[in-house]
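**Student:** need the 3D shape of this:
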Amino acid sequence: MNSGNTDQVRVLVSAPILEDQTDLTLEDLCRACDAPAAFLLELVEEGVITPSGAMATLWRFTGVHLRQARVAVRLQRDLGVNPAGAALALQLMDELDALRARLQLFDTRR
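**Tutor:** Predicted coordinates for the structure are as follows:
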């Protein structure tokens, strides 16, 4: 585009979100987070991560779960936050991200 052109071009791309498609076992998640299974089980109990599957041996986790578990592990290691505190912190971070997205949408409509 030349610098004198003020027209905006928007391109919509359709692609799968890999974070939603990752299929990790509890053991895989433990390795990826470098965390003990007991801590990850507490995260599941607190609702920080919600795997698919009826029991722990059948649980499957996505990339989103991996990201959330890594943040929770970092909070626990760096700040001593317990799983309940990690759940609250992750919820607040998600709300902050949603508010930022709404603000961004509002700014683009002006």
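**Student:** for the record, mean pLDDT for the helix or strand hosting A87?
**Tutor:** For A87, the element it lies in under DSSP states H and E is helix 83-109. Averaging pLDDT along helix 83-109 yields 91.
**Student:** list the buried ones in it?
**Tutor:** Neighbour-count burial for helix 83-109, counted by 16 or more other CB atoms under 10 Å, picks out 83, 86-87, 89-90. (Glycine included, C-beta is placed from N, CA and C.)
**Student:** repeat that for stretch 37-53.
**Tutor:** For stretch 37-53, by 16+ other CB under 10 Å, it's 39-40, 42-44, 46, 48-49, 51.
**Student:** export those residues as a markdown table, with columns for pLDDT and distance to R100.
**Tutor:** Compiled in a markdown table, those are given as follows (pLDDT from 0 to 100; distance: CB to CB, whole Å):
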| residue | pLDDT | distance to R100 |
| --- | --- | --- |
| F39 | 94 | 29 |
| L40 | 94 | 28 |
| E42 | 94 | 29 |
| L43 | 94 | 25 |
| V44 | 95 | 28 |
| E46 | 90 | 25 |
| V48 | 89 | 21 |
| I49 | 93 | 23 |
| P51 | 94 | 28 |
